[in-house]
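A.B. asks: Build the 3D model from these lines:
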Amino acid sequence: MMGEIMKNLNWSIIISSLVAIIGWGIGYYITNDQIQKAKQKEVITGYLVEAYRKIEDVCARDSLTNEQKRNVEKAVADIQLFGTSNQIKLTKEFTEEMNKNSFSDPRKLLIILRNDLRIELGIEPASIDFNDIIHWRLK
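C.D. replies: Take a look at the predicted model:
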């Protein structure tokens, strides 16, 4: 009788231990996956915010410095790498027009970038009116 109780007790301990170990492993995997996705979101958002700033920086300027031109090139590369298909499409339109005319209106691209970033960050999307993209410069 005592041997059977010990046998059942051992199985209970083994099963409880296995359930705890498997539960820990699943919890670790889920937490690790969530941390990885949060880091990925942070990196992508950071690059797209910088791309927005670099493109906005060259707006409403009479001429561009070589540094500003290079920054726009970097912004385009970042959008091509991290952007959505719509952002990439608008970036292509912007760059093609820029190469053709040495000028391009980036407001459509900036509006999409701004609203996609705001949604990603849990902020209410802003207006999509072109006139809401303000290129304010110090005089």
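
A.B. asks: Every contact and neighbour count from this point should use C-alpha atoms.
C.D. replies: Fine.

A.B. asks: Give me the helices and strands touching the lengthiest helix in the chain, please.
C.D. replies: Using DSSP state H, we find that the single longest helix of the chain is helix 2-57. Using 3 or more C-alpha pairs under 8 Å, 6 or more residues apart in numbering; DSSP states H and E, the elements in contact with helix 2-57 are helix 66-82, helix 107-120.

A.B. asks: what sits up against the longest one?
C.D. replies: Spelled out, it's helix 66-82. 44, 47-48, 50-52, 54-55, 57-58, 87-88, 91 (C-alpha atoms under 8 Å, 6 or more residues apart in numbering).

A.B. asks: Repeat that for stretch 89-102.
C.D. replies: So stretch 89-102 is contacted by 76, 79-80, 103-106, 108-109 (C-alpha under 8 Å, 6+ apart).

A.B. asks: Quick one: buried ones out of these?
C.D. replies: Buried members of the contacts of stretch 89-102, scored by 16 or more other C-alpha atoms under 10 Å, are 76, 79-80, 106, 108-109.
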